[in-house]
Structure formats: structure tokens, C-alpha cells
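Undergrad: fold the following.
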Amino acid sequence: MIITLLCSSLLLSATPSFRGDTVQATDTLHHLPDSLLRESRLALDSVIPVDTLKDQDAMVVGFDADDMLLRMIARQGEDIRQRDSLLRDSLLGHLYAEEHRLEAELKHVRDSIMNLRANEIAQAAFRDSIAKLQREQDSVAQQLAKEKRLGQITVSRSLIKDTEEDLNEMRRNRKNIYSPWRMDGLIQIQMAQSYISKNWYQGGNELNLNILSVLKGNINYSKNNLVWENLGEWRTGFANTPGDTLRLFNTNDDLFRIYSKVGYQIAKNLYISSSADFRTSIWDVWKINTYNRKTAFGTPTRFNLDIGLDYKPVKDLSIVLAPATYKMVHALQTDSTILVTDYGIPAGKNIMNDIGSSIRIKYKYAPLREIVLETEFYFYTNYKKVEIDWQTTCNFIINRFMTTRVSLHPRFDNTYIASGETKAKLQFKELLSIGFSHTFR
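TA: The predicted model follows:
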């Protein structure tokens, strides 16, 4: 090691220029800033590690100061670029995050504005609806007030509202204020299924399908204490005859009726009244598998005239007690094909007259506009025999032109004994139909 150092000293002394350069470099290093000196030491350590000086036996020391400065400046520039790059990346990341946050806040603000706008629109529409309803109520209130002042209003108690029907009802009642007459009518043409007992006084088959037509009209008069009610009705039905080998169709419902009742009020809900009820047949009704007729035109014709009291406790309910009642049965045709005794007419005659008492109950009930129930009960006795007739009809209104009709008609008359029978029996007629129906007023 000592030999190596001596050789190095000799070499340094033998080369003054190089030594001068080294001294100059050393002097230059003394004039550099501390930061550059630290960088120079690090550069020296990287160029000539200390372990290499220890391990090697000899080493020539000589440096170029410019080269060393360039290297240090390059390294510092690289460090600065790296730090700038890291700072730029950090700043960009922060800016991107801030941008995303601002976009999210902007979207939230936009959604809030849209919700507020939608709520404003809904509130405006609700306010418009309330205003419209208020205007309609004000208009109705004004109209009602006007109608009340004129005395031309009726209060509808229908549970199901029909604007057009209510308007027509108001017009009818306005017209009725100035007129004592009330008129309405009904026409029905329907397909039906019916059951008729074998001993039914007008004849017919037990179970069949048929076509039914009904035409009914009412003309009523009411002024002061006088009431006059008039009813006209025509029913016609034709049915197939599965048990009849002589004909395909037969008449199963045939009625032409005119009913009139006049009454004079003597107390609250009580009237002295007199009524007349006229009924006859129009078509021929044939007995099954024969050419014998049960009814024909004008045969039989029934007429009832009574005088009594009419009690009306509620609207559309009438209870007539007639202690004096005249009953007449007439046969217009008396040929051999018709047995007049089937109608209680004595053999060899064409008319039967009888005097007795009667009770007639009529009621009409309409819980809804679409359901109308009508029933009529009639009881007559001459204090020896009785006649009971009870007909109930229920109309289920489907629409303005369609109705389902159910009719139940039990009847008992011990003045009539069917051919082949020894005593009078209960007669029954049932009818279920659906089809066209329209009411006129």
C-alpha cells in the first residue's frame, strides 16, 4: 500500500499540468455552493466508490470540472422534471375529482329544478281543476236558484246519475207544472223462455221458447182533489210447440187491456174511487194436437166495475177496497170449437154476470233507475167462489234500449174448471225474457 502511494506521488510530481488542473479543480470546488458540493460528492462517490480506492492498489485521480458540473445540472434538471410531473399529475387528479363532484352537484340541482317544475305544473293543473269544479258548482247553484224561484225544479234521488235522463226529467216536470196531464209509454220486443201450467185458463204449452211483444201506455190526470188514471196494454207472445204435431207455433200470451180509475180526495191519502177493467183476447189459442180453441178474438172478454175507497199511504202504492163490484164474462164466439164453460159461462149462453166485492193492490218500486218492480194483486169474491190474480213484473234495465224482464203470474179461479178436471187448481205462468225495450215520456 505504501509503495502504491509513493508511486502516485511520483506520478503527480512528474506531471505538473495534470496537477495544476487538479489544484485548479480543487480551488473551483472550494468556490462552489454547498448544494453543488453535496451533489459533487455524490457524483464522485458514484464515479469512484470508496471501496474501489481501498481495494485497488493504485489509481490516477483527475477530473474535468465542466463535465462534473454538466452532470450535476442534468441530474438536478431530471429531478425537477420528475417533481413537476408528479405535481402535475397530482394537480390533474385533484382537478378531475373536483370536476366530477361539480358535475354531480349540477345534476342534482337540475333534477331538483325539474321536480320543482313538475310539482308546479301538477299544482297548477290541480288549481285549474278546482277552479273548474267551483265554476260548475256556481253555475249549478245559480241554475237551481233560478229554477227554485220559478218553481220549476225537481230533486232527483236516483243513486246512479244519468245527465241526459236528469235533464229530460227536469223538462218533463217543468212541462207538468203547467199541465195536469202525465203521459208515458213502454214498448218491448224480447226473446223469452216461459213455463205455463197445463191448466192455464188461456192455454199454452209447459216449457217453450217464444217471442214477446209488449206495448203499454199511461195517461193520468191530477188537479186539485180529482185524480184520473188510465192504462192501456197489449201483450202478444208466440212460442214453439214441441208437443203439438199439428202446428209449429202457438200463442202463449195474448192480452188487450184498458183500465181506468177516477178518484176524489176526501181526506189525506184517501179517495172515493170507481174503476173499470176491460180485458179480452185477440189471437186464437189452440189446444195441443186438436182443432179446438181455448181462446179466440173477443173470447173471453172480462169486464169489472167497482166502487169503493182508494187509500194511497205512500207514492206509487194504491189499495182499493170495493164492497160493490160487478163482474162480467162474455164470449163473442160460441161455435163448437170453443167451450164457454171453461170461463164460468153457463152452457148454452155467451155471458155471465156476477156481483161481489173486490180488493185491488198496485205498487211500483224503483230502488234504482235500472231496476223497476211492478206488482198488481186482485181478489174478487161473490161470497160463494173466489178469483185471485197476482202478477209481478221486474224490469232490469241494461241500457236505454235493452232490458231483462221477469214476470211471475200465479192465479186461482174456482169459477173455472179445466176440461178433464173435477175441481179448480192453481194456475201459474212464468216468463223470463231479454231484448229491446224503450220508455216514452
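Undergrad: how many neighbours does the closest residue to residue 351 other than its chain neighbours have?
TA: Counting by CB to CB, 6 or more residues apart in numbering, the nearest residue to residue 351 once its immediate chain neighbours are dropped is residue 330, at 4.8 Å. For glycine as for every other residue, the C-beta is placed from the backbone atoms N, C-alpha and C. A total of 19 residues lie near residue 330 under the criterion other CB atoms under 10 Å.
Undergrad: avg pLDDT for stretch 239-246?
TA: In this model, stretch 239-246 carries a mean pLDDT of 83.
Undergrad: sorry, slip of the keys, the one I care about is stretch 318-327.
TA: So the average pLDDT for stretch 318-327 ends up being 96.
Undergrad: please save the CA atoms from it in PDB.
TA: Listed next in PDB are the C-alpha coordinates belonging to stretch 318-327 (Å, rounded to 0.1, in the frame of the first residue of the first chain):
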ATOM      1  CA  SER A 318    -152.700   2.100  -4.200                       C
ATOM      2  CA  ILE A 319    -155.100  -0.100  -2.100                       C
ATOM      3  CA  VAL A 320    -158.600  -0.100  -3.400                       C
ATOM      4  CA  LEU A 321    -161.400  -1.700  -1.300                       C
ATOM      5  CA  ALA A 322    -164.600  -2.100  -3.300                       C
ATOM      6  CA  PRO A 323    -167.500  -3.500  -1.500                       C
ATOM      7  CA  ALA A 324    -169.600  -3.200  -4.600                       C
ATOM      8  CA  THR A 325    -168.100  -4.900  -7.700                       C
ATOM      9  CA  TYR A 326    -169.700  -6.000 -10.900                       C
ATOM     10  CA  LYS A 327    -168.100  -8.900 -12.900                       C
END
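Undergrad: and that stretch, which residues are buried?
TA: Residues 318, 320, 322, 325, 326, 327 are the ones in stretch 318-327 that count as buried (16 or more other CB atoms under 10 Å).
Undergrad: next: stretch 307-314.
TA: Using 16+ other CB under 10 Å as the test for burial, stretch 307-314 gives 308, 309, 310, 311, 312.
Undergrad: please apply the same query to stretch 389-403.
TA: Neighbour counts over stretch 389-403 (16+ other CB under 10 Å) mark 389, 393, 395, 396, 397, 403 as buried.
Undergrad: and the fourth one, helix, strand or coil?
TA: It refers to residue 396. For residue 396, the assignment made with DSSP: H, G, I helix; E, B strand; the rest coil gives strand.
Undergrad: could you find the closest non-adjacent residue to it?
TA: Residue 396 sits nearest to residue 404 (CB to CB, 6+ apart), 4.3 Å away.
Undergrad: of the buried residues of stretch 318-327, closest to residue 440?
TA: Distance to residue 440 across the buried residues of stretch 318-327 (CB to CB) is lowest for residue 318, with 22.7 Å.
Undergrad: and that closest one, what element?
TA: Per DSSP states H and E: residue 318 is located in strand 317-330.
Undergrad: mind listing the strands that strand pairs with, and their directions?
TA: strand 301-311 (antiparallel), strand 351-368 (antiparallel) (DSSP bridges).
Undergrad: okay, these, which one's buried deepest?
TA: strand 301-311 (a mean of 19; mean count of other CB atoms under 10 Å).
Undergrad: where does the chain dip in pLDDT?
TA: Low-confidence segments of the chain (pLDDT under 70): 1-64, 147-178, 193-196, 198, 201-208, 418-420.
Undergrad: could I get the full set of helices for it?
TA: If DSSP state H is used as the criterion, the helices of the chain fall at 2-14, 16-31, 34-47, 50-55, 65-150, 163-178.
Undergrad: in space, what's closest to residue 236 - neighbours in sequence excluded?
TA: residue 213 (5.1 Å).
Undergrad: thought the one you found was touching residue 237?
TA: Yes: with contact defined as CB atoms under 8 Å, residue 213 and residue 237 form a contacting pair (7.3 Å).
Undergrad: name the residue in those two with the higher neighbour count.
TA: A side-by-side neighbour count of residue 213 and residue 237, using other CB under 10 Å, places residue 237 first with 23 against 16.
Undergrad: just list whatever residues bridge to the more buried one.
TA: Residue 237 has these beta-bridge partners by DSSP bridges: residue 212, residue 253.
Undergrad: swap in residue 413?
TA: Under the criterion used here (DSSP bridges), residue 413 is bridged to residue 387.
Undergrad: and the contacts of the strand holding residue 318?
TA: 261, 273, 275, 298, 300-313, 343-345, 350-364, 380, 382, 387 (CB atoms under 8 Å, 6 or more residues apart in numbering).
Undergrad: circling back: can you tell me which of the buried residues of stretch 307-314 lies closest to residue 291?
TA: residue 308 (43.6 Å).
Undergrad: and the closest one, what does it touch?
TA: 273, 274, 320, 321, 322, 323, 324, 325, 358.
Undergrad: change it to 10 Å
TA: Listed by CB atoms under 10 Å, 6 or more residues apart in numbering, the contact set of residue 308 reads 263, 271-275, 320-325, 357-360.
Undergrad: what's the distance between residue 252 and residue 298?
TA: 19 Å (CB to CB, to the nearest Å).
Undergrad: between the two, who's got more neighbours?
TA: Taking neighbours as other CB under 10 Å, residue 252 and residue 298 compare with residue 252 leading, 27 against 14.
Undergrad: surely that one and residue 192 touch.
TA: Yes: using CB atoms under 10 Å, residue 252 is in contact with residue 192, at 9.1 Å.
Undergrad: any shared contact partners between those two?
TA: Common contacts of residue 252 and residue 192 (CB under 10 Å, 6+ apart): 208, 210, 211, 212, 237, 239, 431.
Undergrad: now distance to residue 439 too, for those, in JSON lines please.
TA: Shown next, in JSON lines, are those (distance: CB to CB, whole Å):
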{"residue": "208", "distance to residue 439": "28"}
{"residue": "210", "distance to residue 439": "23"}
{"residue": "211", "distance to residue 439": "20"}
{"residue": "212", "distance to residue 439": "17"}
{"residue": "237", "distance to residue 439": "20"}
{"residue": "239", "distance to residue 439": "26"}
{"residue": "431", "distance to residue 439": "19"}
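Undergrad: could I get the full set of strands for the stretch 201-350 of the chain?
TA: 207-223, 226-240, 249-267, 270-280, 285-286, 293-295, 301-311, 317-330 (DSSP state E, counting those that start in this stretch).
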